[in-house]
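Engineer: Turn this into a structure:
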Amino acid sequence: MSKVLYLDSVAGVAGDMFAAAFVDAGLVTVEELNSLASQLGLGDVVVDVEHVLRASVRATKLNVKITGDGWKSRFPGSHGHQHHHDHSSNLALATAPEHWHVHYPAIDGFIASSSLEDDVKSLSREIFAIIAEAEAGVHGIEVEKAAFHEIGTIDSVMDVVMAAYCITNVNADSIVATPIKPGRGMITIAHGTHPVPPPASAKLLEGMKIAATPDAITRENIELSTPTGIAILRRLSPQFVNELPPGKLLATGRGAGTTDLGNYPNIFQVSLIDTADELQLDFLRDAVVEIAVNIDDDTPEHLAWIAERLLEMGALDAWQTHATGKKGRTMVCLAVLVKEIDGNRIADWLLRNSTTFGLRYRTWDRLMLDREIDIRDGVRYKIGRTTTGEKLKEKIEFDDWRDHQ
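Structural biologist: This is a model prediction of the structure:
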């Protein structure tokens, strides 16, 4: 069995939604999650499960409930202090009314000294380090001074540890995810009004693939993804995809967000897929974009120039296919194959520099031989191998062969 974990940010991602989706899918149990609190020494913390409807579909919501404040003694160096805190990120900053908070090193030490399994402990600490580094960076403070306020500390710890447990327990061979939806508009937090994503989330999202807020979500100002949820995905470093990978669907679950978005499901969805029956070959894999246009009003010279220019711009391939159009005219279908990152740039250039009024595009999965060039007596040979190093074929470069005749 080859297991692929598919993480779908249907309406963004938050730490509690992440773990709730695994519970809903039957991949972990709430009893297992509650045992994590015991392993952390938090006997006064209980994880409660609630089944809710989101856009008329059942989903699972997790609530972390705390009894009393005895848990505070588990964090050495924590104290009441005059500071200002950001409720959206649980980070404590400058000065404001006095209340309890704990700095990041204390949280890291707290997790490190727990009886959690080593892989869960290690992943949890790495996720928290990512959160603390982002928060410290945007607020211009040292990581060691990043602090979490009373209400958010246990929620954040449990969200991160539960997520780490879910990931290690499933032990997938690979992880893929849909682009993250940050939200849109402006939100007001304790230290001002900021655009979505707010500063810490924006920092965490750097280098990650994001998506626009669906039109079906009618709120103008809404934050869909939290720093904790984004940090979890950042640490997992998934391959970003736009749909479920092929295979046998083993389990799927929906974790509910707090807000009811009406006709749009406020959920984070996980699916576990067995891809063992799919093509498992020792070749390189990637995804490429094919852009195509139908042209019946351009000259052969100009079309040839376009194809040549596209290749100079980094296209992987370009070709022309002759056909008969809808009005009986001879036409050319000009197609170009590009890397995903180059898709928008090439499409823009093609619309500006050809006679077409529109184009179409689609993404292809691709299998390739691992290629290398071997030079013998000044002649290049292209060699194709599998990813295991097996040589399958070689071919002389025609231009080199011709020049040596």
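
Engineer: Could you pull up the residues touching residue 205?
Structural biologist: Residue 205 makes contact with 180, 182, 197, 230 under the criterion Cβ atoms under 8 Å, 6 or more residues apart in numbering. Placement of C-beta: from N, CA and C, glycine included.

Engineer: most surrounded residue in those residues?
Structural biologist: Of all these, the most densely surrounded is residue 230 (29 neighbours; neighbours counted as other Cβ atoms under 10 Å).

Engineer: What's the separation between the residue nearest to that one when sequence neighbours are not counted and residue 252?
Structural biologist: Excluding the flanking residues, the one nearest residue 230 by Cβ to Cβ, 6 or more residues apart in numbering is residue 204, at 4.4 Å. Using Cβ to Cβ, to the nearest Å, residue 204 is found at 26 Å from residue 252.

Engineer: the more surrounded of the two?
Structural biologist: Per other Cβ under 10 Å, whichever of residue 204 and residue 252 has more neighbours is residue 204, with 29 against 18.

Engineer: Adjacent strands (with direction) for the lengthiest strand in the chain?
Structural biologist: For the chain, the strand reaching the highest residue count under DSSP state E is reported as strand 284-295. Partner strands for strand 284-295, per DSSP bridges, with pairing direction: strand 330-339 (antiparallel), strand 360-368 (antiparallel).

Engineer: Show me where the stretch 101-250 of the chain has its helices.
Structural biologist: Along the stretch 101-250 of the chain, the stretches classed as helices by DSSP state H, counting those that start in this stretch are 104-112, 118-139, 150-170, 199-205, 227-236.

Engineer: Tell me which other helices or strands the last one touches.
Structural biologist: Helix 227-236 sits against helix 15-24, helix 118-139, helix 150-170, strand 174-177, helix 199-205, with contacts defined as 3 or more Cβ pairs under 8 Å, 6 or more residues apart in numbering; DSSP states H and E.

Engineer: so residue 12 touches residue 180, yeah?
Structural biologist: Yes: in this structure, residue 12 is within contact of residue 180 by Cβ atoms under 8 Å, at 7.0 Å.

Engineer: Need the residues touching each of those two.
Structural biologist: residue 225.

Engineer: just the helices in the stretch 301-405 of the chain please.
Structural biologist: So, for the stretch 301-405 of the chain - with DSSP H, counting those that start in this stretch - the helices run 343-353, 398-403.

Engineer: Give me the contact list for the first one.
Structural biologist: Counting contacts by Cβ under 8 Å, 6+ apart, the residues outside helix 343-353 that touch it are 289, 291, 293, 306, 309-310, 313-315, 336, 338, 356, 358-359, 361.

Engineer: In the stretch 51-200 of the chain, where is pLDDT below threshold?
Structural biologist: For the stretch 51-200 of the chain, residues meeting the criterion pLDDT under 70 lie at 70-101, 148-152, 190-191.

Engineer: How confident is the prediction for the residue lying closest to residue 395 once chain neighbours are set aside, by pLDDT?
Structural biologist: Ranked by Cβ to Cβ, 6+ apart and with sequence neighbours excluded, the top spatial neighbour of residue 395 is residue 382, at 5.1 Å. With respect to pLDDT, residue 382 scores 94.

Engineer: so who does residue 382 touch?
Structural biologist: 371-373, 394-397.

Engineer: and those, which of them are in strands?
Structural biologist: Going by DSSP E, the strands hold 371-373, 394-396 from the contacts of residue 382.

Engineer: Drop anything exposed from those.
Structural biologist: For those, a burial check counting by 16 or more other Cβ atoms under 10 Å picks out nothing.

Engineer: I'd like the residues you listed written out as TSV, with distance to residue 321 added.
Structural biologist: Shown next, in TSV, are the ones in strands among the contacts of residue 382 (distance: Cβ to Cβ, whole Å):
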residue	distance to residue 321
371	26
372	31
373	30
394	29
395	24
396	28
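
Engineer: do you know how far residue 320 is from residue 330?
Structural biologist: Distance from residue 320 to residue 330, by Cβ to Cβ: 12 Å.

Engineer: Show me which of these two is the more surrounded one.
Structural biologist: Neighbours were counted for residue 320 and for residue 330 using other Cβ under 10 Å; residue 320 has more, 15 against 9.

Engineer: and the more buried one, bridged to which residues?
Structural biologist: residue 334.

Engineer: same thing with the one 4 residues further on?
Structural biologist: Using DSSP bridges, the beta-bridge partners of residue 324 come out as residue 330.

Engineer: pretty sure it contacts residue 330?
Structural biologist: Yes: using Cβ under 8 Å, residue 324 makes contact with residue 330 at a distance of 6.3 Å.

Engineer: re the thing from before, pLDDT (mean, whole number) over the longest strand of the chain?
Structural biologist: 92.

Engineer: neighbours of residue 140, just the number please.
Structural biologist: 6.

Engineer: Would you mind giving the secondary structure of residue 68?
Structural biologist: Here residue 68 takes the coil state, with states given by DSSP: H, G, I helix; E, B strand; the rest coil.

Engineer: re the thing from before, how close does the residue nearest to residue 395 get to residue 45?
Structural biologist: 61 Å.

Engineer: so what's residue 390 up against?
Structural biologist: Counting by Cβ under 8 Å, 6+ apart, residue 390 has contacts residue 282.

Engineer: err, residue 128, not the other one
Structural biologist: 104, 107-108, 111, 156, 160, 231.

Engineer: now residue 64
Structural biologist: 16, 45-48, 154-155, 158-159.

Engineer: Let me know the secondary structure of it.
Structural biologist: Going by three-state DSSP: residue 64 is strand.

Engineer: Show me the beta-bridge partners of it.
Structural biologist: Residues in beta-bridge contact with residue 64 (DSSP bridges): residue 47.

Engineer: What values do phi and psi take at the nearest residue to residue 11 once chain neighbours are set aside?
Structural biologist: Nearest residue to residue 11 in three dimensions, chain neighbours excluded: residue 266, at 4.5 Å (Cβ to Cβ, 6+ apart). Dihedral pair for residue 266: phi -80, psi 80, per degrees, to the nearest 10.

Engineer: Hmm, residue 256 and residue 266 touching each other?
Structural biologist: Yes: using Cβ under 8 Å, residue 266 is in contact with residue 256, at 6.5 Å.

Engineer: who's more crowded, these two?
Structural biologist: Neighbours per residue (other Cβ under 10 Å) separate residue 266 from residue 256, with residue 256 holding more: 28 against 25.
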